[in-house]
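> Whatever this is, show me its structure:
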Amino acid sequence: MTKAEYDGFKLRIYEIVSRIPEGRVLTYGALAMLAGRPGNARLAGKVMSEAPRDARSHRVVSAAGRTVPGWENQRELLEREGVGFRANGRVDMRKCLWRSG
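Down below sits the predicted model:
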């Protein structure tokens, strides 16, 4: 991937993340798919790791509903928006997954 392609992908990722409604989450895999690169969840994760924390990046979680390791207040930010968590500490994906249709 060239720098120009990466920069374009990054812009698409940020635009999609900006549309995730309060109280909903999206997975890295779904984010990559919506940005036109299905199967590139890790690349979407890399882009999100570079995102400013105020860019709604807290609304992106793993497919298993795990929050970002080391980001202590991600769960708090999600809970403030009404995102529910299961007893195992993961996001309740059945209730909170954003379907961008």
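
> gap between residue 94 and residue 59?
Per CB to CB, to the nearest Å, residue 94 is found 16 Å from residue 59. From N, CA and C alone the C-beta is placed, and that goes for glycine too.

> Neighbour count: those two, which is higher?
Higher neighbour count among residue 94 and residue 59: residue 59, with 26 against 9, using other CB atoms under 10 Å.

> need the contact list for the closest residue to the more buried one other than its chain neighbours.
Leaving aside its sequence neighbours, residue 59 sits nearest to residue 20 (CB to CB, 6 or more residues apart in numbering; 4.4 Å). Taking CB atoms under 8 Å, 6 or more residues apart in numbering, we find residue 20 in contact with 26, 56, 59-60, 98.

> Now tabulate those in CSV and tack on distance to residue 72, pLDDT and secondary structure.
Converted to CSV, the contacts of residue 20 look like this (distance: CB to CB, whole Å; pLDDT from 0 to 100; DSSP: H, G, I helix; E, B strand; the rest coil):
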residue, distance to residue 72, pLDDT, secondary structure
26, 21, 98, strand
56, 18, 88, coil
59, 16, 96, helix
60, 16, 96, strand
98, 23, 97, coil
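
> Most widely separated two among these?
56 and 98 (11.2 Å; CB to CB).

> Looking at the two, which is more packed in?
Remark: of residue 56 and residue 98, residue 56 carries more neighbours, 20 against 17, as counted by other CB under 10 Å.
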